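>>> Make a model of this:
(one chain, ligands or ions: 2)
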Amino acid sequence: MSAFQVEGGKKLKGEITPQGAKNEALQIISAVLLTPETVKVNNIPDILDVNLLIELLGEMGVSIDRPSRDTCIFKADKVDTGYLESEAFRQKGGRLRGSVMIAGPMLARFGKAFIPKPGGDKIGRRPLDTHIIGFEKLGVRPDYNTGDNYFTLNGQDMRGTYMLLNEPSVTGTANIVMAASMAKGTTTIYNAACEPYIQQLCLMLNRMGARITGIGSNLLTIEGVTALHGTEHRLLPDMIEVGSFIGLAAMTQSAITIRNAGLGHLGQIPDKFRQMGIELFLEGDDIRVPEQELYSIQGNLDGSIPTIYDHPWPGFTPDLLSILLVVATQARGSVLIHQKMFESRLFFTDKLMDMGAQIILCDPHRAAVVGLARQRRLRGITMSSPDIRAGVALLIAALSAEGRSTIQNIEQIDRGYQYIDERLRKLGADIRRVN
Ligand SMILES: CC(=O)N[C@H]1[C@@H](OP(=O)(O)OP(=O)(O)OC[C@H]2O[C@@H](n3ccc(=O)[nH]c3=O)[C@H](O)[C@@H]2O)O[C@H](CO)[C@@H](O)[C@@H]1O
Ligand SMILES: C=C(OP(=O)(O)O)C(=O)O
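Ligands and ions are numbered 1, 2, ... in the order given. Below you'll find the predicted structure:
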């Protein structure tokens, strides 16, 4: 297993461009299964999870031409549906969350799908109820094999209907929209997820011939069509990387410009970092974070300690709470971080406490952070990355800390951040990948 060795305490400087969005890539690449025609996808991040999904499609018989690392041309004209019943699919599909979204397109096109117990971050229970109940409403018959935790889905005659989702699941909405795109009649999904990546998926499907309205809202209407066609699609900049780089600049007291940040699609992200007291300048499509000695958390209007919590879009994404938390450790002031969606995403705070941060883990969902206001630096330690975002939060802490840190299990970070060590070195970071 590889590790990062970091000599902390260096100010960084320069420009960095976010990769294409990981979580959009997983939806868009799954959607290429909806058509036998050619689909070209640009701005693909070269990261473990996305490469694994591309490999899975290849093993299903999809022809894939990758003229450069960030561009793929897919053609799903010969799909081996039998592959999905194989042990190889169970193993590989089980290694990433994104593989669940193969089900929607397979149902739409072939009337049959399989979902292995999905992988992804071990950050708490991640039920698939919304996906399965949505499919059932379309007329799909699910069969659950408790032995190996495997769903078989039969949906030869899917029909559109009205459904109110129990929660606005992101991958659940993507799956149901893709299945409904070729069901007979009209499907209405209320309480749909509406984040930018779902919007991007719906826009791409419409370019392929789907009829989806309500894009950007939580009420989607999908008129089923009989076939979808080829298209070209460009992925948005990864908003979680953008937020991670803002946090990195603040913690390391560095001047960093984030180029082509996709400012129209960041929702509350810039404002939440501003609430931590971080200065940001939005210039064209860039974010400039100036070198800042100290930042002060803004209290509530009545002066009380603020709570920052996650919420489905247009609320604040849970994927950036770990980054905000690490930033808070060196702020002036205090904040309560409330991770509502996932129940095991805050346990990495014990590593930050070992580094000298002042945090009270109140329960699995809430951590109170008392900022050190730069009175004391964090100190480098050896630690292991439990999930993608905690991994990057620990990396940011290590880059700001005094002395050497070693971060193990960096496969977690590599799942979501492209060539991160190389890109950080270009900003002046002292980081080495060791085996
Ligand atoms: C591959 C991918 O795209 N992964 C993202 C996707 O995962 P994913 O689609 O798996 O996440 P879901 O939206 O289904 O839900 C995430 C978790 O939050 C809970 N939940 C969800 C909605 C809600 O209103 N209340 C609630 O408690 C769910 O029960 C689940 O435990 O969306 C998550 C939520 O933005 C992100 O963290 C993941 O990075
Ligand atoms: C939780 C995440 O990813 P996944 O859903 O792929 O585990 C994430 O991207 O922060």
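
>>> Can you name the residues of this protein that neighbour ligand 1?
23, 26, 97-98, 125-127, 167-172, 312, 317-319, 341-342 (CB under 6 Å from any ligand atom). Every residue, glycine included, has its C-beta placed from N, CA and C.

>>> Of those residues, grab the buried ones for ChimeraX.
What follows is the ChimeraX syntax selecting those of the residues of the chain next to ligand 1 that are buried according to 16 or more other CB atoms under 10 Å:
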select :23,26,97,98,126,168,169,170,171,172,312,317,318,319,341,342
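
>>> Now go through the residues of the chain next to ligand 1 and say which are in helices.
The members of the residues of the chain next to ligand 1 that map onto helices under DSSP state H are 23, 26, 170, 171, 172.

>>> Can you show me the helices along the stretch 151-300 of the chain?
Using DSSP state H, counting those that start in this stretch, the helices of the stretch 151-300 of the chain run over 170-180, 196-207, 239-251, 269-275.

>>> wait, residue 338 sits on residue 366?
Yes. Under the criterion of CB atoms under 8 Å, residue 338 makes contact with residue 366 at 5.0 Å.

>>> Does residue 44 lie in a helix or a strand, and which?
Using DSSP states H and E, residue 44 sits in no helix or strand.

>>> Next, work out how far apart the spatially closest residue to it that is not a sequence neighbour and residue 48 are.
For residue 44, ignoring the flanking residues on the chain, the nearest one in space by CB to CB, 6 or more residues apart in numbering is residue 70 at 5.0 Å. Using CB to CB, to the nearest Å, residue 70 is found at 15 Å from residue 48.

>>> So these two - more neighbours on which side?
More neighbours surround residue 48 than the other of residue 70 and residue 48, with 20 against 17 (other CB atoms under 10 Å).

>>> Can you give me the distance of that one to ligand 1?
According to CB to the nearest ligand atom, to the nearest Å, residue 48 and ligand 1 sit 13 Å apart.

>>> Show the pLDDT at that residue.
At residue 48, the model reports a pLDDT of 93.

>>> Begin at 54, not 1, for the rest of this chat.
OK, 54 is where the count begins now, so the last one is residue 101.

>>> For it, which non-adjacent residue is closest in space?
Residue 101 sits nearest to residue 468 (CB to CB, 6+ apart), 4.6 Å away.

>>> wait, that neighbour sits on residue 100?
Yes. Using CB under 8 Å, residue 468 is in contact with residue 100, at 6.3 Å.

>>> what's the overlap in contacts for those two?
residue 75 (CB atoms under 8 Å, 6 or more residues apart in numbering).

>>> picking up where we left off before, out of the helices of the stretch 204-353 of the chain, the one nearest residue 438 is which?
Distance to residue 438, taken as CB to CB, is lowest for helix 292-304 among the helices of the stretch 204-353 of the chain, at 13.4 Å.

>>> The closest one - what's its average pLDDT?
Here the average pLDDT along helix 292-304 is 98.

>>> that older thread, including distance to ligand 2, could the helices of the stretch 204-353 of the chain go into a markdown table?
Listed next are those as a markdown table, based on distance: least, CB to the nearest ligand atom, whole Å:
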| stretch | distance to ligand 2 |
| --- | --- |
| helix 223-233 | 7 |
| helix 249-260 | 11 |
| helix 292-304 | 6 |
| helix 322-328 | 14 |
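
>>> tell me the most buried of the ones you listed?
helix 223-233 (a mean of 28; mean count of other CB atoms under 10 Å).

>>> Send over that one as PDB, restricted to the C-alpha atoms.
C-alpha atoms of helix 223-233 as PDB (Å, rounded to 0.1, in the frame of the first residue of the first chain):
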ATOM      1  CA  VAL A 223     -28.200  11.500  -6.100                       C
ATOM      2  CA  THR A 224     -27.300   8.100  -7.600                       C
ATOM      3  CA  GLY A 225     -31.000   6.900  -7.100                       C
ATOM      4  CA  THR A 226     -32.300   9.800  -9.100                       C
ATOM      5  CA  ALA A 227     -29.800   9.300 -11.900                       C
ATOM      6  CA  ASN A 228     -30.700   5.600 -12.000                       C
ATOM      7  CA  ILE A 229     -34.500   6.200 -12.100                       C
ATOM      8  CA  VAL A 230     -34.200   8.900 -14.700                       C
ATOM      9  CA  MET A 231     -32.100   6.700 -17.000                       C
ATOM     10  CA  ALA A 232     -34.600   3.800 -16.600                       C
ATOM     11  CA  ALA A 233     -37.600   6.000 -17.200                       C
END
